[in-house]
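Engineer: The sequence and its predicted three-dimensional model are supplied below.
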Amino acid sequence: MSLAPLSVVIKGTGSYKPENIQTNDDLAKKVDTSDEWIFTRTGIRERRIAADNEHASDMGAKAAEKALADAGMEAADIDIVIVATITPDMPFPSTACLVQTKLGIPNAMCMDIEAACSGFLYIMEVAASLIKTGRYRNALIIGSEKLSSILDWEDRTTCVLFGDGAGAAILSGSDEPEVGVIDFKLGADGANGEVLYMPGGGSANPATPASIDNRLHFLKMRGREVFKLAVKVMQQAAEEILEQNGLKSDQLACVIPHQANLRIIELLSSRLDIPMDRFYLNLENYGNTSAASIPIAMDEAFRVGRIKSGDLVLLVAFGAGLTWGAALVKCP
Ligand code: UT7
C-alpha cells in the first residue's frame, strides 16, 4: 500500500494558443457585427483559431509538454491523464488517450471529463482526490478546446465570443501540509441545460442530412439568461468556498475567473467586494476558450509573476450544464 500525501500541489503549468489571430474587425467581414459592439459588450478584441489539421489533442499535447518541462518531469512520471473538453477530437477514444500517445506516456489512467467551461476545476478535483489516495503520484490535467469547430459562423450572437486553445497543469502529491490545492466547491443544475448546448452529434440527434440542415451540430446559447446565471452561481461558489475555509475575500492575492465576458467579471468583482485589479484577465486576447480558459490564464498568471509563493488564489468558473465551481489554491 502506498502512503497518502499530505497535500496536492501544482508542480508545473503550460499553455498553447494557435498562431492564427482573428480580430473583431475580421469577424465583422463575416457577420453583421463590429469591433465596437463586441468590445463594449464582452471586453474581447481578438481570439485564436486553430488550423484545420490542429485538434484538441494536438493543442493539449503542446500545452502538456510545456507543463512537463515547467515541472521538470518526463512523460514516464505521469500516471493519470485527464482532459476536460467539449470539443474532443472524436467521441472515442478519449482525447486523453490521444494526448497520452502523442506524449509517449508509457502507462497511465486516461479519461476525458465533460463539464464545459467549469471542466478544468472538475478535473482538478478528480485528479487531486485520486492522488490523495496514495495510489497515483503525478496527474497531467488539460483543458483543450477547438470551439471554432462547433460554432455557427452565421450566428453573430455566439461566434464572436469564443476561441481555441489549451492549458495544462501537473498535480503531484507533496509532504508539505496545507499548501497546493486546498479546497473545491463544485456544483451543477441540469434543469438549466438548454440555455447553452449543442443538440446534435450525440445519441439523441446523430448526424443525418436533416440534423445538418437544421444546424444541430452547432453551439446554441440564450446569452442573457446565461449571463445572469453566471454571475449568480460564481458569486455563490466563491462565497461558499471562502466561508467553508474561514477566509475573507481580502485574503485572496489573485482571482482567476473563467474568461467569458468582462461585464460578468466586473459584476462578480463588485458583488464579492474584490477590486478588479486582483482579477487576472486575458479574455481581450483569447475570448472564451471554455475548459481551456482557466488553465491558460493560470499559466500566464504564474509566468508574469501575478501568482507568487505563499499566495492564496481563487479559481472560479461557470459553464454549460449548467455547471460551476470554485477552487482555492495556496502556492507553496
Ligand atoms: O462560458 C459560457 C459562455 N457564455 C457566456 O458567457 C454568455 C453570457 N452572455 C453574454 O455574454 C451576453 O449576453 C452577450 C455578449 C452574449 C450578449 O450581450 P447582451 O448585452 O446580453 O446583448 P443582447 O443579447 O441583449 O443583444 C442586444 C442586441 C440585440 O439587438 P436588438 O434586439 O436590441 O436589436 C442583438 O441582436 O445586440 C444584437 N447583437 C449583436 N449586434 C452586433 C447580438 N450579437 C451581436 C453582435 N454584433 N455580435
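Structural biologist: Everything's here; your move.
Engineer: Look up how far V226 lies from M198.
Structural biologist: Distance from M198 to V226, counting by C-beta to C-beta, to the nearest Å: 14 Å. To be clear about C-beta, it is placed using only N, CA and C from the backbone, and glycine gets the same treatment.
Engineer: need the contact list for I141.
Structural biologist: Contacts for I141 (C-beta atoms under 8 Å, 6 or more residues apart in numbering) come out as 82-84, 120, 123-124, 127, 168-171, 295.
Engineer: what about 10 Å?
Structural biologist: Going by C-beta atoms under 10 Å, 6 or more residues apart in numbering, I141 touches 10, 64, 67, 80-84, 96, 113, 119-120, 122-124, 126-128, 167-171, 295.
Engineer: Out of the residues you listed, name the ones that lie in strands.
Structural biologist: Of those, the ones assigned to strands by DSSP state E are 10, 80-84, 113, 167-171.
Engineer: Check those residues and tell me the two furthest apart.
Structural biologist: I10 and I113 (18.1 Å; C-beta to C-beta).
Engineer: between these two, who's got more neighbours?
Structural biologist: When neighbours are counted by other C-beta atoms under 10 Å, I10 and I113 differ, and I10 comes out ahead with 25 against 19.
Engineer: The more buried one is in contact with C331, isn't it?
Structural biologist: Yes - using C-beta atoms under 10 Å, I10 is in contact with C331, at 7.6 Å.
Engineer: what ranges do the helices span in the protein?
Structural biologist: 24-28, 35-42, 56-71, 95-103, 119-132, 156-159, 209-213, 223-244, 262-272, 283-286, 293-303 (DSSP state H).
Engineer: Export the ones you listed as a markdown table, with columns for mean neighbour count and distance to V313.
Structural biologist: Output for the helices of the chain, formatted as a markdown table (neighbours: other C-beta atoms under 10 Å; distance: least, C-beta to C-beta, whole Å):
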| stretch | mean neighbour count | distance to V313 |
| --- | --- | --- |
| helix 24-28 | 17 | 30 |
| helix 35-42 | 16 | 24 |
| helix 56-71 | 24 | 17 |
| helix 95-103 | 23 | 25 |
| helix 119-132 | 25 | 12 |
| helix 156-159 | 18 | 30 |
| helix 209-213 | 10 | 42 |
| helix 223-244 | 18 | 12 |
| helix 262-272 | 18 | 14 |
| helix 283-286 | 21 | 18 |
| helix 293-303 | 25 | 8 |
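Engineer: and of those helices, who's closest to G319?
Structural biologist: When these are ranked by proximity to G319, the top entry is helix 119-132, at 7.0 Å, counting by C-beta to C-beta.
Engineer: so the closest one versus helix 95-103, what angle?
Structural biologist: 70 degrees (axes from the mean of the first three to the mean of the last three C-alpha atoms, to 10 degrees).
Engineer: and stretch 218-234, does that touch the ligand?
Structural biologist: Yes - with C-beta under 6 Å from any ligand atom as the criterion, the ligand is reached by stretch 218-234 at 221, 223-224, 226-227, 230.
Engineer: Let me have these in TSV, adding distance to G321 and pLDDT as columns.
Structural biologist: Formatted as TSV, these follow (distance: C-beta to C-beta, whole Å; pLDDT from 0 to 100):
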residue	distance to G321	pLDDT
M221	13	98
G223	16	97
R224	18	97
V226	11	97
F227	16	97
A230	12	97
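Engineer: Please consider this matter closed, and thank you.
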